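>>> give me the fold of what follows.
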Amino acid sequence: MSKNFLLAAALGVLSLTYNVAAYAEPATPSNNSVMLSAAQSPEIEAVKAKLSQTLGFNVASIKPSKMAGVVEVLTDQGLFYASADGNFLLHGKMYGLGENVSNLTEESLAQVRVEGMVKFSDAMIVYPAKNEKHVVTVFTDITCGYCRKMHEQIDDYNDKGITVRYLAYPRAGVKDRSGGYSQGFKDLRSIWCHEDAQSALTKAKSGSTVAARICDMPIEEEFDFGRQVGVTGTPAIILENGMMVPGYQDPSKLFMLLETSQQGG
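Numbering: from 1, shown residues only. Next comes the predicted model:
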């Protein structure tokens, strides 16, 4: 049996298992975690300083990973792993190979998403279901074809008991090449600043011109938060347990995913 075949098979198992594990509740830390006691805080601060000075990272937190000798580093550029002394840095997914294969990176990010979304709860555009069974939070942009397709079916999502909450994610970025705000950012800001943001977003996703408005809405902060928790495109759907489903999901399929996620908890 060839090495290439074995590698492909292993990756296939990891991918399949992730699709199942992505809808389970995040696991609790194991006893193999690197213990970072209060007495080690100077070392932790030294790691933060090193990553900041060497790579320009803004480090939000450092905590134990489930791999001995490795810490989990949450930055403004995403989630990384580092040796406890900060001399080595890894970027990628960490899997746990216990009784079931689990995506430990996604589990960690799920917790960050759930906690981080709270600060934007008053700055979301929400389409509530009358008979609410589930709530999803979606990073969206008006220039995204699948975002438009999803929004065309907003009544179908609501009819299935799914409340849809939108966060802004200008796909082209916040700033343009000249250093000014991008048109995508300005359009989303105008929609979020509209006195009837629901209608403004619906019209914009139908192709209508966006009337310019300026107000104090955390569009840039929502975009930065999305990048931090692994959003690379839109729509990016965050389930109630914090797990992320990238890409469009039709109402029936999304409802099934949400039901599975709830049962897994």
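>>> residue 102: which element?
Following DSSP states H and E, one finds residue 102 within strand 101-103.
>>> where do the helices of the stretch 51-200 of the chain begin and end?
Ranges of helices in the stretch 51-200 of the chain, per DSSP state H, counting those that start in this stretch, are 104-117, 145-152, 154-159, 183-193, 197-205.
>>> where does the chain dip in pLDDT?
The model of the chain has pLDDT under 70 over residues 1-41, 264-265.
>>> which phi and psi does the most centrally placed residue in the chain have?
In the chain, the centroid-proximal residue (CA atoms, centre = their mean) is residue 229; its distance is 4.0 Å. As for residue 229, its main-chain torsions (degrees, to the nearest 10) stand at phi -100, psi 20.
>>> quick one: contacts for the residue nearest to it when sequence neighbours are not counted?
Leaving aside its sequence neighbours, residue 229 sits nearest to residue 113 (CB to CB, 6 or more residues apart in numbering; 4.9 Å). Glycine gets a C-beta too; all of them are placed from N, C-alpha and C. Going by CB atoms under 8 Å, 6 or more residues apart in numbering, residue 113 touches 229, 238, 242, 244.
>>> quick one: the first one from residue 126, how far?
In other words, residue 229. 20 Å (CB to CB, to the nearest Å).
>>> also the last one?
Using CB to CB, one gets 19 Å for the distance from residue 244 to residue 126.
>>> quick check: the residue nearest to residue 229 vs residue 240, distance?
10 Å.
>>> residue 232: what secondary structure?
Classification of residue 232 by DSSP: H, G, I helix; E, B strand; the rest coil places it in coil.
>>> element containing the closest residue to residue 160 other than its chain neighbours, please.
Nearest-residue entry for residue 160: residue 255, 4.7 Å, with adjacent residues in sequence omitted and distances by CB to CB, 6+ apart. In the assignment (DSSP H and E), residue 255 maps to helix 251-264.
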